[in-house]
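S.K.: I'll drop the sequence and a predicted model, then ask my questions.
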Amino acid sequence: MRPAKHLTIKSLLGKPVRTVVLMLLTALLGLTVFGGSMTVSSLRSGLGSLESRLGADVMVVPYSAATQKKFENIILQGSTGYFYMDKKYMNEIAELESVGDISAQFYLASASSSCCSIPVQIIGFDPETDFTITPWIKKSGGGKLGTYDVVVGNDLNAFVGDTLTFYGTEVKVAAKLDKTGTSFDTTVFTNADTIKELIRSSLELKMNDFGDVDPDRVVSTVLINAADGHSAEEVANDINLHVKRVKAYATKDMISGVSESLSGVSDVIGVLIGVVWVLGAVILLLAFTMSANERKKEFAVLRVLGASRGKLASMVLKEALLTGLTGGAVGTLIGLAAMLGFNGLIEESLGLPFLLPSVGVTAAYMLGALALTVLTGALAAAVSAFRISRLDTGVILRGDN
């Protein structure tokens, strides 16, 4: 008799349809488990990236923008736009005892440029006081920005050394940021002096409806860290109570809606994974049971030839392991290709921050999905293996089965 492993391979090759069906089932199981786990992990990474990129305890915007939700669309959803308030409000805020670090940002929606097929958001910041964007730029290898220098988001088709034109003004790409999985991946950053010049250029060209705006006397948002001994909620309440015509938000409250949406999507994906796993396990169990019934005479002949009950059961388990390993590997690889190739489309479809995990985490998810797939197939086959171990060879060979 040939070695058991040869019998196992011969059995799989001898029934190609059955083998392919089992592999397809395990591939679907592996794809679902891996793809679902990666999606949830990427959403959580994206939310964490958004929290770190906001980088402040409190954000203050013009009250007119707050009532129309403009700032949330720009900050959280990547919409282009602008809004301004008089710089005097920032000075009033800075005098409050609960306020610690404070810095202003300026927003400008660009006209199309060579880097982009659509308008992009331009954000200006003050390098002297900034504590949110500057660390991010340094982490990506960028240095101090000079006049007409910009930093581009990871998804924009521009690279260090390129020259871009916004509102007839040429700027130079000084750095390109790492991937964040947020709207900042399609944003251009520059210092306050440069963006003020861009605002003036757009005013001269009458390409934006600013109204009566003096770039030197306005800001779009004010970012604040709470002073020692004060919470973000205290700072927000303090500002809303004492400073008129502005609205202050604790940033964690701003992203609560995103967090809730993420939780809802994660729950749906978790249910989907569970349903597919249960259905896959049931179908695999039925498939192995039907296969065992069809192969009773084959097993009986092997028993007569000297194969022990344990060896027959072992052969069935090995078949399950091989099909599960092959199918699971194919499924996880397809899932990986889909995540790498369509992560932008997934992010756009979900409307949530989406950042793929690191290579190490991705590899761990692949191994986990593969292990679960193989284990599910092995457990389903174990039932058939138990039945095989109880076969009455004489009855089967007489045809009374």
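M.R.: Right, received. Where do you want to start?
S.K.: tell me what the helix or strand containing T190 is packed against?
M.R.: Assigned by DSSP states H and E, T190 falls within strand 187-191. Packing contacts for strand 187-191, counted by 3 or more Cβ pairs under 8 Å, 6 or more residues apart in numbering; DSSP states H and E, involve strand 121-125, strand 149-152. Quick note: C-beta positions are derived from backbone N, CA and C, even for glycine.
S.K.: so which of those gets nearest L241?
M.R.: Of all these, strand 121-125 sits nearest to L241, with 27.1 Å by Cβ to Cβ.
S.K.: Tell me the gap between the closest one and the middle of its chain.
M.R.: 24 Å (Cα atoms, centre = their mean, to the nearest Å).
S.K.: go on, stretch 230-238?
M.R.: 31 Å.
S.K.: again with stretch 62-82
M.R.: 23 Å.
S.K.: Check what contacts that stretch and list those residues.
M.R.: 50, 54, 59, 61, 83-85, 107-110, 119-121, 182-183, 186-187, 208, 210, 220-221, 245-247, 249, 254-255, 257-258, 351 (Cβ atoms under 8 Å, 6 or more residues apart in numbering).
S.K.: Could you tell me which of those belong to strands?
M.R.: M59, V61, M85, Y107, L108, A109, Q121, T187, T221, V246, K247, Y249 (DSSP state E).
S.K.: Tell me which stretches of this protein form helices.
M.R.: Under the criterion DSSP state H, helices of the chain are mapped to 4-14, 16-54, 63-67, 70-77, 87-94, 134-139, 192-205, 232-242, 251-254, 256-294, 296-304, 309-350, 359-389, 393-397.
S.K.: Turn those helices into TSV, including mean pLDDT and distance to L156.
M.R.: Converted to TSV, these look like this (pLDDT from 0 to 100; distance: least, Cβ to Cβ, whole Å):
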stretch	mean pLDDT	distance to L156
helix 4-14	64	50
helix 16-54	85	16
helix 63-67	85	25
helix 70-77	70	17
helix 87-94	94	29
helix 134-139	80	15
helix 192-205	87	16
helix 232-242	95	31
helix 251-254	84	24
helix 256-294	80	23
helix 296-304	65	62
helix 309-350	84	13
helix 359-389	85	24
helix 393-397	52	69
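S.K.: what about the ones you listed, which gets the closest to P215?
M.R.: Comparing these under Cβ to Cβ, the one sitting nearest is helix 192-205, at 3.9 Å.
S.K.: Around the nearest residue to G331 once chain neighbours are set aside, count how many other residues there are.
M.R.: Nearest residue to G331, sequence neighbours excluded (Cβ to Cβ, 6 or more residues apart in numbering): G30, at 3.0 Å. Other residues within reach of G30, judged by other Cβ atoms under 10 Å, total 30.
S.K.: Now do G30 against E95, distance only.
M.R.: 60 Å (Cβ to Cβ, to the nearest Å).
S.K.: can you check V316 too?
M.R.: V316 is 78 Å from E95, by Cβ to Cβ.
S.K.: Look at those two and report which has more neighbours.
M.R.: The neighbour count for V316 versus E95, taken as other Cβ under 10 Å, is higher for V316 (26 against 9).
S.K.: wait, doesn't that one sit right on F288?
M.R.: Yes - between V316 and F288 there is a contact under Cβ atoms under 8 Å: 7.2 Å.
S.K.: what residues do these two have in common as contacts?
M.R.: Joint contacts of V316 and F288 (Cβ under 8 Å, 6+ apart) are A381, S384.
S.K.: one step back: what's the closest of the helices of the chain to V150?
M.R.: helix 192-205 (7.1 Å).
S.K.: That closest one: which residues count as buried?
M.R.: The neighbour-count check on helix 192-205 (16 or more other Cβ atoms under 10 Å) flags A192, T194, I195, K196, E197, L198, I199, R200, S201, S202, L203 as buried.
S.K.: any idea how far the third one lies from A65?
M.R.: Going back to what we said before, that points to I195. Counting by Cβ to Cβ - I195 and A65 are separated by 17 Å.
S.K.: same question, the fifth one
M.R.: With distances defined as Cβ to Cβ, the gap from E197 to A65 amounts to 23 Å.
S.K.: same deal with V330?
M.R.: 50 Å.
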